[in-house]
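In: Sequence plus predicted model, see below.
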Amino acid sequence: MVSLKTKLGDWELDNPIIPASGTFGFGYEFAELYDINMLGTFSFKGTTKEARFGNDTPRIAECTAGMINSVGLQNPGVEAVMEKELPKLAKVFNKKVIANISGFSEEEYVYCAEKIGKSDMVGIVEVNISCPNVHNGGMSFGTSAESAEKITAAVKKVTDKTVYVKLSPNVTNIVEIAKGCEAGGADGLSLINTMMGMRINLKTKKPVIANKMGGFSGPAIFPVAVRMVYQVYEAVKLPIIGMGGVSSAEDVIEMMLAGASAVQVGAENLVNPYACKDIIEALPGAMEKYGINNLYDIIGGAH
Amino acid sequence: MVSLKTKLGDWELDNPIIPASGTFGFGYEFAELYDINMLGTFSFKGTTKEARFGNDTPRIAECTAGMINSVGLQNPGVEAVMEKELPKLAKVFNKKVIANISGFSEEEYVYCAEKIGKSDMVGIVEVNISCPNVHNGGMSFGTSAESAEKITAAVKKVTDKTVYVKLSPNVTNIVEIAKGCEAGGADGLSLINTMMGMRINLKTKKPVIANKMGGFSGPAIFPVAVRMVYQVYEAVKLPIIGMGGVSSAEDVIEMMLAGASAVQVGAENLVNPYACKDIIEALPGAMEKYGINNLYDIIGGAH
Amino acid sequence: MEKTNFVINSNKKIASDVYEMKLSGSVKDFTAPGQFVNIAIEGLYLRRPISVCNIEAKENGQGELTLIYKVVGKGTEKMSAMTEGTVLSLLTALGNGFDTKRCEKSALVVGGGVGVPPMYGVTKKLIEEGKKVTAVLGFNGAGDVFYEEEFKKLGAKTVVTTADGSYGIKGFVTDAIKIMETEGGEAYDFDETFACGPEPMLKALYNATDITGQYSFEERMGCGFGACMGCSCKTKYGNKRICKDGPVLVKEEIIW
Amino acid sequence: MEKTNFVINSNKKIASDVYEMKLSGSVKDFTAPGQFVNIAIEGLYLRRPISVCNIEAKENGQGELTLIYKVVGKGTEKMSAMTEGTVLSLLTALGNGFDTKRCEKSALVVGGGVGVPPMYGVTKKLIEEGKKVTAVLGFNGAGDVFYEEEFKKLGAKTVVTTADGSYGIKGFVTDAIKIMETEGGEAYDFDETFACGPEPMLKALYNATDITGQYSFEERMGCGFGACMGCSCKTKYGNKRICKDGPVLVKEEIIW
């Protein structure tokens, strides 16, 4: 029998499948569809210091093999997440969760990390320095190695939790950013966030989404994600959560061969609410097809 | 009756459709399929100072809605292009052509530009500072504004031809690079080149292509291309040739609304050798559908 | 919500660019008229949300759905070319739908263009519940009109307006309602409004009447089931997701 | 080359993971056996190159193509599920094909696995030209063998080898050829070799015989018609594109 188990540092996961932040809410609504305890874990909706409504609508644009979103970090704020959302989640989920946080200043990252780090339910704090949808926002921290290092170090200082930094693909050299995070003390890396994209409505002749540009995700970006995971795996010693267009068990295997210890599934949850369940159930068959007994053994196998 | 005419600087084109470099050879082989004089013009295979065989095979990988190529600038060298390829083209093509050139040093760019600039057949010299497939090659010139400016200025100094610089999307800030080219005296910009991507063969568990990574193109990258053309149009005054995943008349209109004065079609030529002909023939109908009488009028219309 | 396959029984044009598709499958999760389905279409990434016009329930939770859609883009264009026997993956019973219980005796049902189809299901339910229904259906022109007879067959007093006056009352739905209001008495004894249509129509209606009501909104959606926050809107009762907490909002909570 | 639609007449399994598809369409551009077609497959970006096994020409340039393919990935998997009546877009008559005129009297035709199908067309043409053909067909095991009878019906002396010895001569095609060479005389009077198969087979064959010949190569292709330079190889006669200048190279030019 094949083994789906993998590890993120010391954290052993039953399988590598993790719904990505922003595509799974705070989990409990998906629990109405299937037992979400079958997941490796999941990463909850990006949380900020203050509550945010996010950007104007339309926030969504269709693309070939993908979509653009410009939600803009809509969330109830870190206090409400801890007081209202996590208790609801606790009723249906018995594993630790990944807390995805964003900010508009170092102080906000630190505030969020310190707060959320106090929750027993949190296994990893995932620091999003790569949200493309907020002006003067998280993205700017993710485009230079220096600022990435600085935010990482500041967050590490205020929490005992494992800290992963979520990287943007919209950079000239993702390896430098990854090294900055490593230097700042990151325990791991999540990559890639969405790519900056735009669609124009031919009828109105203006950008489809109100904020003009947004984060492009879906199967279309998978080859870029595989490339970046491969590059970062060669350059840093940290465990990697790979993501970007993963939509099948085969994609999970490819991402792990490139160097991912676990894999987040994002946009696919939005077109198939059972995507993660389906992928977990398809993995054993795919592994047998390609002669893989133990998923953990293939991490970085393509190098 | 609708008008497909457009302009690149002073050069009036019958229509905006231009097969992209590397997908149309030196044109004459496509002339066996249809009269290539119906094209706006075309950009010929990337040419270097010396003849190059290019990279090892496999050079091609399939992706969702796209492909990765790692040809590595295979070409017979600029002298052979002028002595053998252009004369063959002259027999079947009566418009000026775009000469795409690459190099591994400033000296090589200058050498190529000076040589090819002497051909009467050349309307634009398109300086590729963004080929992702050559180690220590053209790509490095395209990832900083300073080097982009320097190469542009050097090429401008040795030729009287109109000079377009072809930009890489694999950068943090394409606007800065575009401004560098403008400062260096570029007459226009071509964007985007391919994105860096990778696929892994699940059977061999190694990268599909021999060179590991390659240039990712096809409809998958279209939203990134539209976004970058939109951004660059806002930041510089130069005419833009837009490209990246264009595969239909609707895509052409979208790219022009984003800010392109003309549009290159790349990967689509490889899955449909009649792609450019089909798009040109579909344009009047698409224009009518969206109430466009004159293509030239919609350039940058989404701003 | 259920993710399940349906088979197309028929798919025909019923007005200019407007098609009626009937499909068989599991309808067990539907709870109210005004809910919608999200349809996976080969070759397109996002599913396409289409409001449900009618449900004919059969045994064991199975039934026939009627969807009416207008060809406005690639998705609906592909749908219009689909033939009998084609299998489609649907997410069913999405959104809250209309609460017909809020109407006590007499309902004003208003539909505009592709906002008309869900109002058919609402009308049917209201009439089953023994309530009086006046349906005002607005279209652009005579060629766009559909389902007038179907509303009449349900027993609704049915008024059609066209913007260009080529059929029925010339003008917008609010013009027809104004006439009723002027007439007064039984012509205007409504205790609840049910409406679906383009936002300008909804806003005009909101301002034209004092009657309480439920308004169904459209927004570009990502998932259609509340996961992506793509279709959020602000209401007096807090942020809502059009796809999950809507598409129907009560008049009291709407912020324009 | 022609870009044209074909209709599938039949598509059936003929060996382990190997399918035979027959399609009708325009075959007017084909000039030689060993040419291939490039097939657009719904949902996949690149076309799939498949060598032509046989052409039955009919009137007005129309005819029936036989393609034999092995399921090795997504493209061929999708092909294997296609049914009669399905319409496919093909680029036809790609590549140079084999030059049967280079054989004067007696041909050694060698095919390995999915390299066997184009050798059927070569054999047919050679026999039509009045030449003697000995066909050596190599497979992995008995379950993989196909088209032995078809080669015999053409009139070729047909020898089958299997790597595991479960059918025919045990070993590789070169083992069968060695036996013929040892026998000598009429069993080994070849003046030209025609070969298609995996590169290790081609290389073993190249080294095993002194006979001149034509070898058909495989490479991962982009376009299939010479535009993208995806499948370039070096030869003693200069750089060549497998898809356009090949897939058939003459023995004299091959660089291993």
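Out: That came through, no problem.
In: Sketch out the helices for the stretch 51-200 of chain A, chain order is fine.
Out: For the stretch 51-200 of chain A, the helices defined by DSSP state H, counting those that start in this stretch cover A:78-80, A:86-90, A:106-116, A:145-158, A:174-183.
In: For the shortest one, buried residues please.
Out: What it means is helix A:78-80. residue A:78 (16 or more other CB atoms under 10 Å in any protein chain shown). All C-beta spots, glycine's among them, are computed from the backbone N, C-alpha and C.
In: about what we covered before: need the winner for burial among the helices of the stretch 51-200 of chain A.
Out: Highest mean neighbour count of the helices of the stretch 51-200 of chain A: helix A:174-183, a mean of 22 (counted as mean count of other CB atoms under 10 Å in any protein chain shown).
In: Domain-wise, how is chain C divided?
Out: Using automatic domain parsing, the domains assigned to chain C come out as C:2-94, C:100-216.
In: nearest to chain C, of the helices of the stretch 51-200 of chain A?
Out: Chain C sits nearest to helix A:78-80 of all the helices of the stretch 51-200 of chain A, at 11.4 Å, using CB to the nearest CB.
In: can you tell which of the domains of chain C is closest to residue B:169?
Out: With distances scored as CB to CB, the stretch of these nearest to residue B:169 is domain C:2-94 (20.7 Å).
In: how about the closest one, does it get close to chain B?
Out: No. Judged by CB under 8 Å from any CB of the partner chain, domain C:2-94 and chain B are separated, with a smallest distance of 9.2 Å.
In: hey, which strand is longest across chain C?
Out: strand C:2-15 (DSSP state E).
In: Okay, buried residues for the helix or strand just after that strand please.
Out: Where DSSP states H and E defines the elements, the next helix or strand beyond strand C:2-15 is strand C:18-26. By 16+ other CB under 10 Å, the buried positions in strand C:18-26 come out as C:18-26.
In: Equivalent analysis for stretch C:66-83, please.
Out: C:66-71, C:75-76, C:78-80, C:82.
In: List the residues that contact the residue in the stretch 51-200 of chain A positioned nearest to chain B.
Out: As assessed by CB to the nearest CB, chain B sits closest to residue A:197 within the stretch 51-200 of chain A, at 3.3 Å. Residues near residue A:197 by CB atoms under 8 Å, 6 or more residues apart in numbering or on different chains: A:63, A:68, A:213-216, B:223-224, B:226-227.
In: Of these, which pair is most distant in space?
Out: A:215 and B:226 (14.2 Å).
In: More neighbours: these two, which one.
Out: residue B:226 (30 against 27; other CB atoms under 10 Å in any protein chain shown).
In: Where does the more buried one sit, in terms of helix or strand?
Out: Per DSSP H and E: helix B:222-235 holds residue B:226.
In: all strands of the stretch 151-300 of chain A, in order?
Out: Taking DSSP state E, counting those that start in this stretch, the strands of the stretch 151-300 of chain A run over residues A:162-166, A:188-191, A:195-197, A:200-201, A:206-207, A:214-217, A:240-242, A:262-265.
In: Redo the ones you listed as JSON lines? Include distance to residue C:144 and mean pLDDT.
Out: Below are the strands of the stretch 151-300 of chain A laid out as JSON lines (distance: least, CB to CB, whole Å; pLDDT from 0 to 100):
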{"stretch": "strand A:162-166", "distance to residue C:144": "48", "mean pLDDT": "97"}
{"stretch": "strand A:188-191", "distance to residue C:144": "50", "mean pLDDT": "98"}
{"stretch": "strand A:195-197", "distance to residue C:144": "35", "mean pLDDT": "97"}
{"stretch": "strand A:200-201", "distance to residue C:144": "22", "mean pLDDT": "98"}
{"stretch": "strand A:206-207", "distance to residue C:144": "26", "mean pLDDT": "98"}
{"stretch": "strand A:214-217", "distance to residue C:144": "33", "mean pLDDT": "96"}
{"stretch": "strand A:240-242", "distance to residue C:144": "50", "mean pLDDT": "98"}
{"stretch": "strand A:262-265", "distance to residue C:144": "42", "mean pLDDT": "98"}
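In: Adding distance to residue B:235 as columns, could you present the ones you listed in JSON lines?
Out: Converted to JSON lines, the strands of the stretch 151-300 of chain A look like this (distance: least, CB to CB, whole Å):
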{"stretch": "strand A:162-166", "distance to residue B:235": "28"}
{"stretch": "strand A:188-191", "distance to residue B:235": "28"}
{"stretch": "strand A:195-197", "distance to residue B:235": "15"}
{"stretch": "strand A:200-201", "distance to residue B:235": "18"}
{"stretch": "strand A:206-207", "distance to residue B:235": "16"}
{"stretch": "strand A:214-217", "distance to residue B:235": "19"}
{"stretch": "strand A:240-242", "distance to residue B:235": "33"}
{"stretch": "strand A:262-265", "distance to residue B:235": "33"}
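In: returning to that earlier point: give me the sheet partners of the longest strand of chain C and which way each runs.
Out: Paired strands of strand C:2-15, with direction, are strand C:18-26 (antiparallel), strand C:87-94 (antiparallel) (DSSP bridges).
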